[in-house]
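>>> Coordinates only, no sequence provided:
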Ligand SMILES: O=C1C[C@@](O)(C(=O)O)C[C@@H](O)[C@@H]1O
């Protein structure tokens, strides 16, 4: 499997990397959270721009990204999560493409989350544009209602790699314990042959074990909360850090 290296963080090597999601609304709230993250045990930051009040103001994301980088220089993942997949801001496909194009052109960041279910030509174009700027792409998919069958999860992770993702990510909701096993099993099977690192999780309290023990099954990063969660089942970042270090198969 290829490692994805952003700054000095290698995703796909060693213990899973810790990502803190930032879901602040105002510019000040977001800057304050970034300044706290400097002291936290985390490898990357995800800025969930769908929560940002000014996300649809022209140039606002790019302009704030430069201030955020001055506040905390950890590798930055930018994500606009659509409402179909658990996000909080209404935006059509065309608006999503325009927003992402302007971010790729002008923002200061290292990784971009693109939803794999967006139209094919849009995904291809955005991946090309991101790669030209040396920005790594996470293709993602989320199901907040259920856990698809193992074959479907594996198929989606495979398609993400075929479309040109640097990292493939899927988050699904379990309705019973066997759904958690399905996600872990799909992750394990796919990780045996995948070229790209995987990030997978079963959400909610039922699925929390997948966020803590993902390394054993082939998941290479986990989201840990600093105060606010961005999805159900995220453990507080301190606890996540302790448990990942305890369970790691790659102690340094
Ligand atoms: O894709 C993901 C994963 C996630 O949904 C989770 O379940 O931890 C949290 C989101 O912020 C992130 O964009």
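Alright, I've got the coordinates. Predicted model only: the values in this text are computed from it and were never measured. Residues are numbered from 1 along each chain as shown.
>>> other SSEs contacting the lengthiest strand in the chain?
The strand spanning the most residues in the chain, taking DSSP state E as the definition, is strand 136-143. Using 3 or more C-beta pairs under 8 Å, 6 or more residues apart in numbering; DSSP states H and E, the elements in contact with strand 136-143 are strand 111-115, helix 120-132, helix 150-163, strand 167-172. From N, CA and C alone the C-beta is placed, and that goes for glycine too.
>>> between those, which gets nearest to the ligand?
Closest to the ligand of those, according to C-beta to the nearest ligand atom: strand 167-172, at 3.9 Å.
>>> Neighbouring strands - and their directions - for the closest one?
Here strand 167-172 is paired, per DSSP bridges, with strand 136-143 (parallel), strand 198-202 (parallel).
>>> Pick the most deeply packed of those.
strand 198-202 (a mean of 26; mean count of other C-beta atoms under 10 Å).
>>> Pull up the residues of this protein that are close to the ligand.
Applying C-beta under 6 Å from any ligand atom, we find that the chain lies next to the ligand at 21, 46, 48, 79, 81, 113, 140, 142, 169, 171, 201, 203, 223, 230-231, 234.
>>> quick check, nearest of those to residue 9?
Lowest distance from residue 9 to these (C-beta to C-beta) belongs to residue 46, with 13.0 Å.
>>> May I have the secondary structure class of the closest one?
Taken by DSSP: H, G, I helix; E, B strand; the rest coil, the conformation at residue 46 corresponds to strand.
>>> Report pLDDT for it.
We have a pLDDT of 98 for residue 46.
>>> does it really touch residue 22, like I thought?
Yes: if you go by C-beta atoms under 8 Å, residue 46 and residue 22 touch, sitting 6.7 Å apart.
>>> quick one: the helices in the chain?
Ranges of helices in the chain, per DSSP state H, are 27-37, 60-71, 93-106, 120-132, 150-163, 177-191, 204-212, 214-217, 237-247.
>>> picking that back up, just send the strands paired with strand 167-172 back as CSV, with mean pLDDT too.
Below are these laid out as CSV (pLDDT from 0 to 100):
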stretch, mean pLDDT
strand 136-143, 98
strand 198-202, 98
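>>> Near the residue nearest to residue 245 when sequence neighbours are not counted, how many residues? Count them for me, please.
Leaving out its chain neighbours, the residue that sits closest to residue 245 by C-beta to C-beta, 6 or more residues apart in numbering is residue 15, at 6.9 Å. Close neighbours of residue 15, defined as other C-beta atoms under 10 Å, add up to 19.
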